[in-house]
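A.B. asks: build me a structure from this.
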Amino acid sequence: MDTSEMAIGLAQRAPLTGPDPLADFRADVAAASAKYPELEMLVYPELHLHSADDLPLDDRPAALREKAVRLDSEFVAEIGRIAAEHNIWLCPGSIGEIADDGSFFNTQLFFSPAGDLVSTYRKMFPWRPFEPHRPSTDFVVAQTPDHGAFGLSICYDAWFPEHTRHLAWMGADAILNIVKTTSQDREQELVLARANAIVNQVYVLSVNCAGPVGRGRSIVVDPEGLVLGEAGLGEDTIIVRVDPGRVKRVREIGTAGTNRMWSQFACDDDPIPLPLYGGTLDPKRWSPGHGIP
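C.D. replies: Next up is the predicted model:
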């Protein structure tokens, strides 16, 4: 399938804690769309719309669950209407989700320009013991008709190399890593963003929340590990162009014209045992795209 580049905005913002977060969110999306009319996608930080940062630390887990909604709620439908109003792909960050069985998840949402909720991803690696959410077991890659595929990723997921590797193997051209880092390890996360991009030859877009709550420094890295943009500590919007064709070219000619990790194996190479996972690395299934149904 032929694909074209997409103009994407990373909206580094402070979490919304007011009584009507959707009204504030609608205004911010409108302002960003007006300022950057070229935008085709806008991405916000983790739990941007479901924050409890204005409460004492001990009260936050219960408050987060209280704010949580079902995916068929009016709250989620309204976010879709905001995407449709501006005809953009929209990742509003993540929200607290109550599943059918009552489980509580941290769930990333991805809306089409028509306002349809086309993909959802539940965080696989909650930051324990601090986050009260249940971990999921499903990787998610969101397909777009003309601009490639986007792997969904939430904050601490980026610390587990298997997560980004699996999304790349599933066919992702770019990873949308939405973040709410309030701790002192943002510096390490910037290294991880570049490392995950390099070893998987994908774009990595890591959007953190702004100070004073978060540590900011949202970053965009290209498939060779080159930094295309990095924010400071305060509120900012990074505009970048993500080109699936560049991912394809880098994998064909190699990172820095030399490294072609996805072409490492020949089909008659022996499978490599992976005792950690109780499985094997099978050369016949190594190349990207095998995970797409």
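A.B. asks: wasn't Phe110 part of a helix?
C.D. replies: No: Phe110 is assigned strand when assessed by DSSP: H, G, I helix; E, B strand; the rest coil, not a helix.
A.B. asks: residues touching it, list them.
C.D. replies: Counting by CB atoms under 8 Å, 6 or more residues apart in numbering, Phe110 touches Trp89, Leu90, Cys91, Leu117, Val118, Ser119, Thr120, Tyr121, Ala142, Phe150, Leu152, Leu176. For glycine as for every other residue, the C-beta is placed from the backbone atoms N, C-alpha and C.
A.B. asks: just the buried positions in the helix or strand containing Val247, please.
C.D. replies: According to DSSP states H and E, Val247 maps onto helix 244-253. Under the neighbour-count criterion of 16 or more other CB atoms under 10 Å, helix 244-253 has Pro244, Arg246, Val247, Val250, Arg251 buried.
A.B. asks: now stretch 55-65
C.D. replies: Along stretch 55-65, these residues count as buried under the neighbour rule (16+ other CB under 10 Å): Arg60, Pro61, Ala63, Leu64.
A.B. asks: pretty sure Gly254 is touching Glu224, no?
C.D. replies: No: judged on CB atoms under 8 Å, Gly254 makes no contact with Glu224 at a distance of 9.3 Å.
A.B. asks: can you map out the helices along this structure?
C.D. replies: For the chain, the helices defined by DSSP state H cover 21-35, 60-67, 74-86, 161-169, 186-200, 244-253.
A.B. asks: buried deepest among those, which one?
C.D. replies: Ranked by average neighbour count under the criterion mean count of other CB atoms under 10 Å, the helices of the chain are headed by helix 161-169 at a mean of 21.
A.B. asks: could you export the buried residues of helix 244-253 as a markdown table, including distance to Ala172 and pLDDT?
C.D. replies: Shown next, in a markdown table, are these (distance: CB to CB, whole Å; pLDDT from 0 to 100):
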| residue | distance to Ala172 | pLDDT |
| --- | --- | --- |
| Pro244 | 10 | 96 |
| Arg246 | 14 | 97 |
| Val247 | 9 | 97 |
| Val250 | 14 | 97 |
| Arg251 | 13 | 97 |
